[in-house]
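K.L.:
Just need the structure, nothing else, for what follows:
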Amino acid sequence: MESGAGKHWTEEEVKALLSVWSEKNIRKQLHGTLRNKGIFIYIAKRLQELGVCRDWKQCRAKYKNLKYEFRTVKYAHNSGDATKTMKFFHDLDAILQYEPVTQLTEDENSRFSATERQLNINTTTENTEGKN
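P.N.:
Numbering: from 1, shown residues only. Okay, the predicted model is just below:
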């Protein structure tokens, strides 16, 4: 199989990436981690097991591009522009809804600090999946 260098990601490759990315332990490791080379080496290895030949740099670049495009579309939707869309929007929405949102708060001395809060967490579906 030829290397993925300089090759556009196919729909099947993106679906495989989203499948690995959607795993709870991967999402947890990616959140808030700046030095994430090791995570993407692991993701590339997992993709290889699924028949996708991409290196960690390509996985990281695709992750960042998908996340950026998703946020752009999400912002447009929140601003009232429902015409802007992207492929895999709903998949990414499901994956990224669990990411904490950083919020700046001002204390009484006019100092700002960042706090994180979870958005859209539906714990009932995660907790009941294993009971069926």
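K.L.:
and the gap between residue 47 and residue 81?
P.N.:
33 Å (CB to CB, to the nearest Å). The way it works is simple: take the backbone N, C-alpha and C, and place the C-beta from them, glycine included.
K.L.:
Compare those two (neighbour count), which wins?
P.N.:
With neighbours defined as other CB atoms under 10 Å, residue 47 and residue 81 compare such that residue 47 has more, 22 against 11.
K.L.:
where in the protein is pLDDT low?
P.N.:
1-6, 98-132 (pLDDT under 70).
K.L.:
Just the element for the closest residue to residue 77 other than its chain neighbours, please.
P.N.:
Computed as CB to CB, 6 or more residues apart in numbering, the closest residue to residue 77 that is not its neighbour in sequence is residue 84, at 7.0 Å. In the assignment (DSSP states H and E), residue 84 maps to no helix and no strand.
K.L.:
ditto for residue 70
P.N.:
Element membership of residue 70 [criterion: DSSP H and E] is helix 56-78.
K.L.:
Any buried residues in that helix, and which?
P.N.:
Residues of helix 56-78 classed as buried: 56, 58-60, 62-63, 66-67, 69-70, 73-74 (neighbour count, 16 or more other CB atoms under 10 Å).
K.L.:
Just the closest of those to residue 92, please.
P.N.:
Residue 92 has its nearest neighbour among the buried residues of helix 56-78 in residue 70, at 4.3 Å by CB to CB.
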